[in-house]
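> structure, please.
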Amino acid sequence: MSGEQAQPTAENVASQLAVEASEPNQALESLKGILENVGQMSEMAKEEESLVADFFSFLRQILTNFSKTLEITVSALPVKYRERTGKAYLYLTGQLILVYRNGEAEILNLTEPDNYDILIEITGEIMSKLKSAVDSYRSRTEKRVNFLMAITKELQKVAMVFSEK
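Numbers count the residues shown, from 1 in each chain. Predicted structure coming up:
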């Protein structure tokens, strides 16, 4: 019995064939899953690109009345930029200008897919600056309106005196 091999039985052969058949099926299923994920990734990448373009378009429309750039707090930047950066400015076209402490500068285009993560990381800061700019503009407008309202009422009284004659 030491030199003899066990004779294959119908049960052993069927079991071996099932294992061999399942491996290609698993590979095909994995490949189908990969293809589905790649298709979804492609769709999401297109949507992400469109959303980033819309983000900067709307930001530009809103902030054109206030400024051409937003100063970004260095602590809002991704960790890898914080230590070297002295100042950071976001242009409304999507360029993040990093002015390093040594005087050098770097421009990161946040409309490029490689930089979307940076955009996401500083979005809270952008929204905070946007809110501040809008609040400030509203406050200045409100002061002007209140001033003009008081002056106009007084002018109306003066005009009424002249109209009574």
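> which secondary structure elements does the longest helix anywhere in the chain sit against?
Taking residue count as the measure and DSSP state H as the definition, the longest helix of the chain comes out as helix 10-63. Judged by 3 or more C-beta pairs under 8 Å, 6 or more residues apart in numbering; DSSP states H and E, the packing partners of helix 10-63 are helix 116-163. Every C-beta, even on glycine, is put in place using the N, C-alpha and C of the backbone.
> tilt between the helix it packs on and helix 10-63?
Taking axes from the mean of the first three to the mean of the last three C-alpha atoms, to 10 degrees, helix 116-163 and helix 10-63 form an angle of 30 degrees between their directions.
> helix 116-163 - what's its average pLDDT?
Helix 116-163 shows a mean pLDDT of 92.
> just checking, what packs against it?
With contacts defined as 3+ C-beta pairs under 8 Å, 6+ apart, helix 116-163 has these neighbours: helix 10-63, strand 69-71.
> one more time with 7 Å, if that's ok
If contacts are counted by 3 or more C-beta pairs under 7 Å, 6 or more residues apart in numbering; DSSP states H and E, helix 116-163 sits against helix 10-63.
> now the helix it packs on: average pLDDT?
Throughout helix 10-63, pLDDT has a mean value of 80.
> OK, contacts around the spatially most central residue of the chain?
Compute the mean C-alpha point of the chain, and by C-alpha atoms, centre = their mean the closest residue is Ile120, 3.9 Å away. The neighbours of Ile120, taking C-beta atoms under 7 Å, 6 or more residues apart in numbering as the test, come to nothing; the list is empty.
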